[in-house]
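In: Kindly return the folded structure for what I paste below:
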Amino acid sequence: LLQVAVKAPPSSDLEVRHFLEMAEDANNGSGLIGYLGDTVEMYSVAIRTIPEKHAAIERAVNHFATCGFNVHELYDVRLTLEERANNARFHAFQTEAGAEKYSIRGCTQLEDGESVRLEYGSDGRVAGFSVTDNAGTLATRTVLNKLERQLNREGLFDESGRGIYLTRMLSSQYVINIERGTRPQSVVLFDDR
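Out: Residues are numbered from 1 along each chain as shown. Presented below is the predicted three-dimensional model:
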């Protein structure tokens, strides 16, 4: 059980309770719903094509706008959403040889059995989203290496890893849940911190 790149220690009763539930059973860490309070407005959208990705991101950004986010905050939300959705679509799925299966120039639709899901919502205290794929190829060591290279400035010109770093820097809380071989998930939260 790891918490990756926590910007501030848990401060609310909800965060402490959620962490303890996760320590009791790691499966309690998955899903946006666990990071939201009691009164929740939440949506879930499947993303299999580029137009579906654009429409899902637009819907999510509009939701954040209804939560009172200003235009500059919406830019941060959109950027992190794009980064997380693109990582799930273009880096998660691999060929049998282990190479990335899709590229931004050649991917029109995911194959049958491959899925990316965007959840977004709010609870009056926090608004957030999660992006989950079913490839199961993301490794904890990969995330830590990419973050470390960006944080110590060795990776300024790297072609990958900047999205993870930007998401961490622009959000209030960034959680990466990895169920190896099954589903990696990014949970990104925004509040007044």
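In: Just the residues contacting stretch 175-184, thanks.
Out: 3-4, 29-30, 35, 88, 92, 132-140, 143, 185-189 (CB atoms under 8 Å, 6 or more residues apart in numbering). Every C-beta, even on glycine, is put in place using the N, C-alpha and C of the backbone.
In: taking those one by one, which sit in helices?
Out: Judged by DSSP state H, the contacts of stretch 175-184 include 88, 140, 143 as members of helices.
In: How is the closest residue in space to the second one that isn't next to it in sequence assigned, secondary-structure-wise?
Out: Translated: T140. The shortest distance from T140 to any non-neighbouring residue, by CB to CB, 6 or more residues apart in numbering, is to I178 (5.7 Å). With DSSP: H, G, I helix; E, B strand; the rest coil as the basis, I178 sits in strand.
In: Next up, the contacts around the closest residue to A92 other than its chain neighbours.
Out: In space, and not counting its chain neighbours, A92 is closest to A135: 3.8 Å by CB to CB, 6+ apart. Contact analysis of A135 by CB under 8 Å, 6+ apart lists 92-94, 114, 183-184.
In: mind running it again at 10 Å?
Out: With contact set as CB atoms under 10 Å, 6 or more residues apart in numbering, A135 has these partners: 88-89, 91-94, 101, 110, 114-116, 181-184.
In: didn't E58 look like it was pressed against R78?
Out: Yes - the criterion here is CB atoms under 10 Å, and E58 meets it with R78 at 9.0 Å.
In: ok, these two, which is more surrounded?
Out: Just comparing E58 and R78: by other CB atoms under 10 Å the higher neighbour count belongs to R78, 15 against 12.
In: pretty sure that one is in a strand, no?
Out: No - with three-state DSSP as the criterion, R78 is assigned helix and is not in a strand.
In: moving C-terminal of the worst-scoring helix or strand of the chain on mean pLDDT, what's the next helix or strand?
Out: The helix or strand of the chain with the poorest confidence is helix 13-24; it has a mean of 77 (mean pLDDT, DSSP states H and E). Moving toward the C-terminus from helix 13-24, the next helix or strand (DSSP states H and E) is strand 41-47.
In: how much distance is there from that next one to the middle of the chain?
Out: Distance, stretch centre to chain centre, for strand 41-47: 13 Å (CA atoms, centre = their mean, to the nearest Å).
In: quick thing: my sequence starts at 485, can you match it?
Out: Will do, 485 is the new start, and the previous item becomes strand 525-531.
In: gap between the residue nearest to S599 when sequence neighbours are not counted and R601?
Out: Nearest residue to S599, sequence neighbours excluded (CB to CB, 6+ apart): N618, at 5.0 Å. N618 sits 8 Å away from R601, going by CB to CB, to the nearest Å.
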